[in-house]
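Sequence first, predicted coordinates after that:
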Amino acid sequence: MDAREAVGHRYGEHLTDRDLLALADGEPSRVAPLRRRPELLLDLLDRPAVADAVLAARRDESGRFRHVSPFLVFAAAVHRTGGALVGRLHTPDRTAPRTRVPIFDAPVLAAFATEPEHRLHLAELLASYSRPASGIVWRRDEWGRRAERWDELDLPALARLLTAVPADQQAGVWRRIGDGALFLAGVFPEHAERTLAGPGLARLAGSGEGPVTELLEQLAGRAYAQVGAAVPAGVAASPQLARRFLALVAERHLFGASGGLLAAGV
């Protein structure tokens with residue numbers, strides 16, 4: 001099984017029969033072939049008309065695409081954004097709140113976005129935050145046992161779990177720290193600047209002080225370095241490219257003025 005087939009099988013594990021029916025244009029006879037050869041899903045999502053149909057599903061009065069999974073929606077957004085980069089010379093990047101400047105390395109970002117493993121990772125990342133997890137961990141100190149709440153988008157609190165979980169579970173915590181750092185930096189940078197500015201993030205990133213977005217990129221790289229092959233090497237080595245691509249997905253499809261997914265409350 002080559003890398004593309006392996007990625008296709010991962011897509012197939014995420015997608016429901018209803019998702020496949022949506023991708024098959026409502027024809028049940030085409031669902032079984034997609035189950036047998038899930039690598040074909042990548043080709044389907046690369047077609048702008050197919051990705052656009054998924055992204056416009058909430059406005060489909062027939063209801064055919066109304067109940068697709070979060071993974072399919074975010075995969076469509078990732079593929080559509082990646083396809084739109086082909087042939088471009090520059091892309092906008094955020095330098096400050098409500099400030100975008102053109103960066104003339106669009107071919108580099110397009111090459112990053114065409115890697116199937118990168119697309120899978122970012123689609124899984126986005127879908128995983130459709131329902132953020134939280135919980136309580138119990139710690140014992142000199143005063144006895146006490147409960148400590150954690151939220152996977154509260155990165156300092158999540159990092160404290162590293163001292164409370166067994167060694168064989170720490171890679172999973174590091175993975176979520178890296179995912180959360182990219183998600184916040186790419187999709188909610190203003191929120192990250194309001195809530196994470198300060199020395200705590202710099203210590204967690206293993207760096208000196210700096211802009212929150214840069215610290216989150218460094219934190220993602222540091223966290224993914226603890227994870228190994230569970231994260232694509234290109235994402236672990238280039239968290240800035242991953243963050244910039246997520247920012248484009250967010251701008252084009254999540255918060256767009258003309259019916260972005262999150263703007264519409266989907």
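In hand now; what should we look at? Numbers count the residues shown, from 1 in each chain.

how is the chain carved up into domains?
Under the assignment automatic domain parsing, the domains of the chain span 1-68, 134-254.

what about residue 194, how many neighbours?
Residue 194: 10 surrounding residues under other CB atoms under 10 Å. (Each C-beta comes from the backbone N, C-alpha and C, glycine too.)

before we move on, what about residue 23?
Around residue 23 sit 25 other residues, with neighbours defined as other CB under 10 Å.

Could you do the one 4 residues further on as well?
Residue neighbour count, defined by other CB under 10 Å, stands at 8 for residue 27.

For residue 116, list the residues it contacts.
For residue 116, the contacting residues are 3, 4, 7, 8, 42, by CB atoms under 8 Å, 6 or more residues apart in numbering.

cool, residue 159 as well?
Shown in contact with residue 159 (CB under 8 Å, 6+ apart): 173, 177, 204.

what does the model give residue 61 for pLDDT?
Here, the pLDDT recorded for residue 61 equals 50.

nope, residue 95 is what I was after
Looking at residue 95, its pLDDT stands at 79.

That one: what secondary structure?
When the structure is split into helix, strand and coil by DSSP: H, G, I helix; E, B strand; the rest coil, residue 95 lands in strand.

Low-confidence stretches in the stretch 1-150 of the chain?
Under the criterion of pLDDT under 70, the regions of the stretch 1-150 of the chain flagged as low confidence span 57-66, 133-135, 137-144, 146-148, 150.

can you do 50?
59-60, 63-65 (pLDDT under 50).

ok, and the most crowded of the contacts of residue 159?
Of all those, residue 177 has the most neighbours under the rule other CB under 10 Å, reaching 25 neighbours.

Sort out which residues of stretch 1-21 are buried, please.
Using 16 or more other CB atoms under 10 Å as the burial criterion, the residues of stretch 1-21 that qualify are 7, 8, 10, 11, 12, 14, 15, 18, 19, 20, 21.

so the first one sits in a helix?
Just to be clear, that refers to residue 7. Yes - going by three-state DSSP, the assignment for residue 7 places it inside a helix.

Dump the contacts of residue 159 into TSV; add pLDDT as well.
As requested, the contacts of residue 159 are exported to TSV (pLDDT from 0 to 100):
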residue	pLDDT
173	94
177	97
204	94
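
Looking at these, which is nearest residue 246?
Looking at the contacts of residue 159 and their distance to residue 246, the nearest is residue 177, at 15.9 Å (CB to CB).

Secondary structure element holding that closest one?
With secondary structure defined by DSSP states H and E, residue 177 is part of helix 170-187.

Tell me the buried residues in that helix?
By neighbour count, and taking 16+ other CB under 10 Å as the criterion, the buried residues in helix 170-187 are 170, 173-187.

Stretch 217-237 too?
Within stretch 217-237, judged by 16+ other CB under 10 Å, the buried ones are 217-224, 226-227, 231-232, 235-236.

Before I go, just wanted to say thanks for your time.
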